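In: Model the structure of this input:
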Amino acid sequence: MAKRKRLTPAALTESTPSLASSAALETKAHYPLGVAPSGVTRAPIAQVAGDTAAHAALEELATALETARVSGRLVQDIALDDIKADHLLRDRMGVDTQEMDALKTSLLARGQQTPIEVIALEGGGYGLISGWRRLSAFAALHAETGESRFAKIQALIKPITSVTDSYVAMVEENEIRSNLSFYERARLASEAARLGVYPDSMEAVRALFASGSRARRSKINSFVRLHEGLGSQLSFPAHIPERLGLALVKALDADAGFAARVDDALQQAGSADPDAERAVLEQVLRKGGAAKPAKPAPVEVAPGVALSARSGRLVLSGRGVTDALEQDLIRWLGTR
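Out: Numbers count the residues shown, from 1 in each chain. As a prediction, the model looks like this:
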């Protein structure tokens, strides 16, 4: 039988890689994140790949942050002194003392949970869009405590360029977060129209409260009439409930002397709080403030057709009111 030759491992030479150096040449398959353990040197190709990946990640992060900033989604700290709270006519007419105290207590205990919204002004600084209560609470806490954490407030800088968009943004935020009264909504629409932001109050209501129902906008328009007819005489108009407000509007439309009687009654009573003022308004209504004027007699405007005008409507009556007349009237109204 032939003698088998025994194989032995070749001797290691200087040109043969050591186990340690072989480990240094491992690809990043062993290190998925491209980071080798301390003391192990990566090959040049692994180093380049790791640096490239890190640079790409930083660029992606920078791009994401810039996109968030430009789109108004990046929360930033802004000094209170740099924010103009009266940039817009505010929809909220006042703040309940107890609500403000509760908000300050929460800020002291938990810090700010929701950022305010501002826009950058051309002349420098920022104009407040939404978050008036939070800004007021921060200012009060900074004055009371002197703590530096209340010298700045977290804010989103919104990319808004027009005044109308600013008002819409304020209203939308408060419609979600705040229980504004019908009067406060109506006052904002009326004053925005007076300032020339909108051509008239009805257009202001339509634009500012576009997300609301038609019935809701109709009630706001009614309270616009209340604001314009009695607003200067009322001390606590934001506390007028819906039913009372609509009754007051009806009385204003029905009786030209109603506003004067309300003014006299309020001056005599000297109402010191919302409940007292409400009682005076209800008393004036009970005394006949909503009395309807005498209905005008119908006027014959065509053979067999009489017309009578009532509050907000026209009534046609008589034997001449036929289907054909109705169709003719519809076509005529459509071409006006």
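In: so what's the residue nearest the centre of the chain up against?
Out: Of all residues in the chain, the one closest to the mean position by CA atoms, centre = their mean is residue 173, 2.1 Å from it. By CB atoms under 8 Å, 6 or more residues apart in numbering, residue 173 lies in contact with 117, 129-131. Quick note: C-beta positions are derived from backbone N, CA and C, even for glycine.
In: what's the farthest-apart pair in these?
Out: Farthest apart among those by CB to CB are 129 and 131. That separation is 7.6 Å.
In: For the protein, just list every one of the helices.
Out: Counting by DSSP state H, one finds helices in the chain at the ranges 19-24, 44-70, 97-110, 132-145, 163-177, 182-194, 201-208, 214-230, 242-254, 258-269, 274-284, 323-335.
In: got those helices as TSV, with mean pLDDT and distance to residue 299 columns?
Out: Below are the helices of the chain laid out as TSV (pLDDT from 0 to 100; distance: least, CB to CB, whole Å):
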stretch	mean pLDDT	distance to residue 299
helix 19-24	48	107
helix 44-70	70	64
helix 97-110	89	56
helix 132-145	93	53
helix 163-177	75	44
helix 182-194	90	35
helix 201-208	90	29
helix 214-230	92	27
helix 242-254	92	21
helix 258-269	90	27
helix 274-284	92	33
helix 323-335	84	16
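In: ranking the ones you listed by burial, who's on top?
Out: Stretch with highest mean neighbour count among the helices of the chain: helix 182-194 (a mean of 23; mean count of other CB atoms under 10 Å).
In: Check what contacts it and list those residues.
Out: With CB under 8 Å, 6+ apart, helix 182-194 has contacts from 89-93, 167, 171, 198-201, 203-205, 208-209, 219-224, 226-228, 231, 237-238, 240, 242, 245.
In: ok, 7 Å please
Out: With contact meaning CB atoms under 7 Å, 6 or more residues apart in numbering, helix 182-194 is reached by 89, 91-93, 167, 198, 200-201, 204-205, 208-209, 219-220, 223-224, 226-228, 231, 237-238, 240, 242, 245.
In: okay, the angle between it and helix 214-230?
Out: When axes from the mean of the first three to the mean of the last three CA atoms, to 10 degrees is applied, the directions of helix 182-194 and helix 214-230 differ by 70 degrees.
In: and helix 182-194 with helix 163-177, angle?
Out: Going by the same axes, to 10 degrees, helix 182-194 makes 170 degrees with helix 163-177.
In: Alpha carbons only: can I get helix 182-194 in CSV?
Out: Extracted in CSV, the C-alpha atoms of helix 182-194 (Å, rounded to 0.1, in the frame of the first residue of the first chain):
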residue,chain,number,x,y,z
PHE,A,182,-72.5,84.3,18.3
TYR,A,183,-72.0,87.9,19.2
GLU,A,184,-68.2,87.6,19.1
ARG,A,185,-68.3,86.0,15.7
ALA,A,186,-70.7,88.6,14.4
ARG,A,187,-68.6,91.5,15.8
LEU,A,188,-65.5,90.2,14.1
ALA,A,189,-67.3,89.9,10.7
SER,A,190,-68.8,93.4,11.1
GLU,A,191,-65.6,95.1,12.1
ALA,A,192,-63.5,93.3,9.5
ALA,A,193,-65.9,94.7,6.8
ARG,A,194,-65.7,98.1,8.4
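In: what angle sits between it and helix 242-254?
Out: Going by the same axes, to 10 degrees, helix 182-194 makes 50 degrees with helix 242-254.
In: Count residues in the vicinity of residue 270, would you?
Out: 10 (other CB atoms under 10 Å).
In: residue contacts, it?
Out: So residue 270 contacts nothing (CB under 7 Å, 6+ apart).
In: can you give me phi and psi for it?
Out: For residue 270, the backbone dihedrals (degrees, to the nearest 10) come out as phi 60, psi 50.
In: what domains does the record give for this protein?
Out: 58-180, 182-290 (automatic domain parsing).
In: Distance from the chain centre to the shortest one, please.
Out: Think domain 182-290. Counting by CA atoms, centre = their mean, to the nearest Å, domain 182-290 is centred 23 Å from the centre of its parent chain.
In: picking up where we left off before, from the contacts of residue 173, which single one is nearest residue 317?
Out: Distances from residue 317 to the contacts of residue 173, taken by CB to CB, are shortest for residue 130, at 52.2 Å.
In: Grab the nearest non-local neighbour of the closest one.
Out: Nearest in space to residue 130, with sequence neighbours left out and distances taken as CB to CB, 6 or more residues apart in numbering, is residue 173 at 3.7 Å.
In: got a list of what the nearest residue to residue 171 once chain neighbours are set aside touches?
Out: Closest residue in space to residue 171, ignoring its immediate chain neighbours: residue 208 at 4.8 Å, by CB to CB, 6+ apart. Counting by CB under 7 Å, 6+ apart, residue 208 makes contact with 167-168, 171, 188-189.
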